[in-house]
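Undergrad: here is my input, please return the structure:
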Amino acid sequence: MPRKPSNPAQGDLFYAPVYPSRVADQSVDVTGFRGRLKRAMSRALKECPHGRAEIAMRMAVALGQDSFSLATLNAYTAESDSSHDISLVRFKAFVRATGATWLWDLVVSDDGLTMLVGDEARLAEIARVQQEKAALDERLRELKSTPVRVIRRDRG
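TA: Residues are numbered from 1 along each chain as shown. Below you'll find the predicted structure:
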């Protein structure tokens, strides 16, 4: 049996937007961010089909180094180690080595930003153009709603 359409004013407990609207946090919670990032990087390591040694080697290649220490990689993902924060350049190498591009969204989410990947940005552009078109259509309706009085002039 087809699902009965719901009332637009009624919420859905199971609905999760693909592109959530976010608001920037007013304060910077460095400790909370550090913990979330380290947990997420640890998850990325677990989900990656490559072992830690392979990931460290891939990071070394991306960074143009001969090697990258497993101890450093472990320190970047250990929540208990607050003295080792990953640099942006090394973070980028980590994302590339693990293939966990979703980490970028986690990094920018506290600032009210949402990551769009590749051609997804075109969706935002389509919506922006549709809004502009709707505003122009409304302006045109306003202009047409009042009759124009044409005064005949002698053209001779």
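
Undergrad: residue 40: neighbour count?
TA: Residue 40 sits with 17 neighbouring residues when counted by other C-beta atoms under 10 Å. For the C-beta atoms, the positions are set from N, CA and C on the backbone; glycine is no exception.

Undergrad: is residue 78 in contact with residue 38, as I believe?
TA: Yes - the pair residue 78 / residue 38 is scored as a contact, 6.6 Å apart, by C-beta atoms under 8 Å.

Undergrad: these two - which one has more neighbours?
TA: The residue with more neighbours, out of residue 78 and residue 38, is residue 38; 21 against 13, by other C-beta under 10 Å.

Undergrad: identify the residue spatially nearest to the more buried one, adjacent ones excluded.
TA: Spatial nearest neighbour of residue 38, excluding adjacent residues (C-beta to C-beta, 6 or more residues apart in numbering): residue 79 at 4.8 Å.

Undergrad: ok, now which ones touch residue 123?
TA: If a contact means C-beta atoms under 8 Å, 6 or more residues apart in numbering, then residue 123 has 19, 116 as its contacts.

Undergrad: which parts of the protein are helices?
TA: Under the criterion DSSP state H, helices of the chain are mapped to 30-47, 52-63, 70-77, 88-98, 102-109, 121-145.

Undergrad: what would those helices look like in TSV with mean pLDDT and distance to residue 18?
TA: Converted to TSV, these look like this (pLDDT from 0 to 100; distance: least, C-beta to C-beta, whole Å):
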stretch	mean pLDDT	distance to residue 18
helix 30-47	95	19
helix 52-63	97	28
helix 70-77	94	28
helix 88-98	97	21
helix 102-109	94	11
helix 121-145	91	10
